[in-house]
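# just need the structure, nothing else, for what follows:
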Amino acid sequence: MLAVNYSQFRDKMKAHMDMVTEDFETVIVTRKTKNVVMISEDAYNNLLENAYIMREKANYDWLMESKSQLEAGKSKQHDLIEVADE
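Predicted coordinates for the structure are as follows:
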């Protein structure tokens, strides 16, 4: 995580944006009032997906049960079935 003030961010905006998108860095732009956090679109989408999963306890429980089964070696591999176009 990198914190820079507004002037520093403005002066090196491209470099900071590259750090966010290429290095998965989080940049906090400090201001006199409220700060701003910059994350990549991928990180943002991941946060939204996690929030969706965590919203329903049943979703989270199902995911954790699946994870436990995988870690315990209780997974199976299946061949995919090709479906003909109609």
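# C-alpha only now, for contacts and for neighbours.
Will do.
# got the buried residues for stretch 32-46?
Met38, Ile39, Ser40, Ala43 (16 or more other CA atoms under 10 Å).
# tell me which helix or strand Asn45 sits in.
Element membership for Asn45 (DSSP states H and E) is helix 41-55.
# so after that helix, what's the next helix or strand?
Next element after helix 41-55 (DSSP H and E): helix 57-71.
# what's the angle from that following helix to helix 41-55?
110 degrees (axes from the mean of the first three to the mean of the last three CA atoms, to 10 degrees).
# what is helix 57-71 packed up against?
The contact analysis (3 or more CA pairs under 8 Å, 6 or more residues apart in numbering; DSSP states H and E) places helix 57-71 against helix 41-55.
# what's the helix it packs on packed up against?
helix 57-71.
# give me the pLDDT for Gln15.
That one is not Gln; residue 15 is Ala. You'll see Ala15 listed with a pLDDT of 97.
# what's the answer for Glu86, then?
68.
# next: Arg31.
94.
# state the phi and psi torsions of it.
Main-chain torsions, Arg31, degrees, to the nearest 10: phi -130, psi 170.
# can I get the buried residues of stretch 32-46 in TSV including pLDDT?
Shown next, in TSV, are the buried residues of stretch 32-46 (pLDDT from 0 to 100):
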residue	pLDDT
Met38	97
Ile39	97
Ser40	96
Ala43	95
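# where in this structure is pLDDT low?
The chain contains residues with pLDDT under 70 at 86.
# I'd say Val36 and Thr30 touch.
Yes. Taking contacts as CA atoms under 8 Å, Val36 lies within contact range of Thr30: 6.6 Å.
# so what's the closest residue to Thr26 other than its chain neighbours up against?
In space, Thr26 comes closest to Met1 once its chain neighbours are excluded; the distance is 4.8 Å by CA to CA, 6 or more residues apart in numbering. Going by CA atoms under 8 Å, 6 or more residues apart in numbering, Met1 touches Glu25, Thr26, Val27, Ile28.
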